[in-house]
Every structure is written in C-alpha cells, then in structure tokens.
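Asks: A predicted structure for the sequence below; I have some questions about it.
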Amino acid sequence: MSAIELPSPIVATLYHDHHRFLHGWLRRKLGCAFEAADLMHDTFLRLLVAPPAKAEAIVEPRGFLTTVAKRVMIDHFRRQALERAYLEALATWPEPVAQSPEQRALLLEALCEIDAMLDGLGPRVRQAFLLSQLDGMAYADIAARLGVSVSSVKQYVAKALAHCLVHAQ
C-alpha cells in the first residue's frame, strides 16, 4: 500500500467497529495485551493485502475477524515453534560456527518461507522431501524408513518439488 492509497472502506469499517472486540478476544486467547495488539495488527494487515471483500459477503463481521485472527495465530505459533527449534539447534553449534543476529534472522525468515511452501503437502510427501533434500538420504533408504516403495518416494519428491515451484512464484 503506497502512502497516498487509502485502505479499503470495508477494512476501515471493520476496524472502526470491531477492533476493540478483536483485541479483547486475542488478549483472552494469548494472555498478553502486547502480543494481542501485534496479532490484531497482523490480522487487519492481512485483510488490507487480501483481494477486496464484498461488504454483503461478510454476514458475521466478528466471526469473520476471529477466523482470520485464528489463522494469523496459527502462523504466529508455527513461526515461534520453528524459531525455538532453530535456536535449540544453533545452541549445539560450536562458538566459531555461530552466526550473527542478522544471519540468524535471514535464516529464520528463509525457514519460515520454506515451511509455508511445504504447508499443504501430505505428511509422507513432506517427510520424503525433507529426508531427501535436507538429510541427503537415498530414495531406497527413505522408502525403507517410510515403509513404502522406491517409486512412491520418487513420486512424493516429484510432487513436493512441483508444489514448491508453484508456490515460489
């Protein structure tokens, strides 16, 4: 959104009429007013960058906002879990290999993008892809570990690669 562009009238109305409700709802769910304010901001930001909704399509504005806010919370919790796992792994690295805060932030952002790209894949497809790409396992080893055929592993990895190509654009 550029500096001269005004927000959608629907989003502005939703914010004006329901921001206190949404902040209170998020505060009760999260137990923290500051985190609730951040996620409320992210919820309305998501609405601003989404394709414009039709006012008549939103029958229950509070239900609509809580649904969007739940999705924002899920993304938030997923990012926190990914960050915790990354920091735990980073803590096991020797000091000379440790990275600067900027490098950590860039790596964490890349991990979140990869996680978002792989979201929507079935668990076996995702696991086969990660074992192949991150662990460098051979297809036969992946097949044995997952209890499937090698041709299934090839299909899983091909499906995951195609999925990533589509979502990377």
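Replies: Here it is on my side, so go on. All of these numbers come straight from a predicted model, not from anything done at the bench. Numbering: from 1, shown residues only.

Asks: any stretches of this structure with poor pLDDT?
Replies: 1-7, 52-56, 93, 95-98, 168-169 (pLDDT under 70).

Asks: all strands of it, in order?
Replies: Counting by DSSP state E, one finds no strands in the chain.

Asks: looking at it, which helix is longest?
Replies: When the chain is parsed with DSSP state H, its longest helix is helix 61-91.

Asks: can you pull the buried residues of that one?
Replies: 61, 64, 65, 66, 68, 69, 72, 73, 75, 76, 79 (16 or more other C-beta atoms under 10 Å). Just so you know, the C-beta spots here come from the backbone N, C-alpha and C atoms, and that holds for glycine as well.

Asks: next one: that helix to chain centre, how far?
Replies: 7 Å (C-alpha atoms, centre = their mean, to the nearest Å).

Asks: list the helices and strands it packs on?
Replies: helix 9-30, helix 33-49, helix 101-118 (3 or more C-beta pairs under 8 Å, 6 or more residues apart in numbering; DSSP states H and E).

Asks: any idea how far stretch 27-46 is from the chain center?
Replies: With C-alpha atoms, centre = their mean, you get 16 Å for stretch 27-46.

Asks: got the CA coordinates for it in PDB?
Replies: Output of stretch 27-46 as PDB, limited to C-alpha atoms (Å, rounded to 0.1, in the frame of the first residue of the first chain):
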ATOM      1  CA  ARG A  27      -5.900 -10.900  24.700                       C
ATOM      2  CA  ARG A  28      -8.000 -13.600  26.300                       C
ATOM      3  CA  LYS A  29      -6.600 -16.300  23.900                       C
ATOM      4  CA  LEU A  30      -2.900 -15.200  24.300                       C
ATOM      5  CA  GLY A  31      -2.800 -13.800  27.800                       C
ATOM      6  CA  CYS A  32      -0.800 -10.800  26.700                       C
ATOM      7  CA  ALA A  33      -2.100  -7.400  25.700                       C
ATOM      8  CA  PHE A  34       1.000  -6.600  23.700                       C
ATOM      9  CA  GLU A  35       1.000  -9.800  21.700                       C
ATOM     10  CA  ALA A  36      -2.700  -9.400  21.100                       C
ATOM     11  CA  ALA A  37      -2.100  -5.900  19.700                       C
ATOM     12  CA  ASP A  38       0.600  -7.300  17.400                       C
ATOM     13  CA  LEU A  39      -1.700 -10.100  16.100                       C
ATOM     14  CA  MET A  40      -4.600  -7.700  15.800                       C
ATOM     15  CA  HIS A  41      -2.400  -5.500  13.600                       C
ATOM     16  CA  ASP A  42      -1.300  -8.500  11.600                       C
ATOM     17  CA  THR A  43      -5.000  -9.600  11.100                       C
ATOM     18  CA  PHE A  44      -6.000  -6.200   9.700                       C
ATOM     19  CA  LEU A  45      -2.900  -6.100   7.600                       C
ATOM     20  CA  ARG A  46      -3.800  -9.400   6.100                       C
END
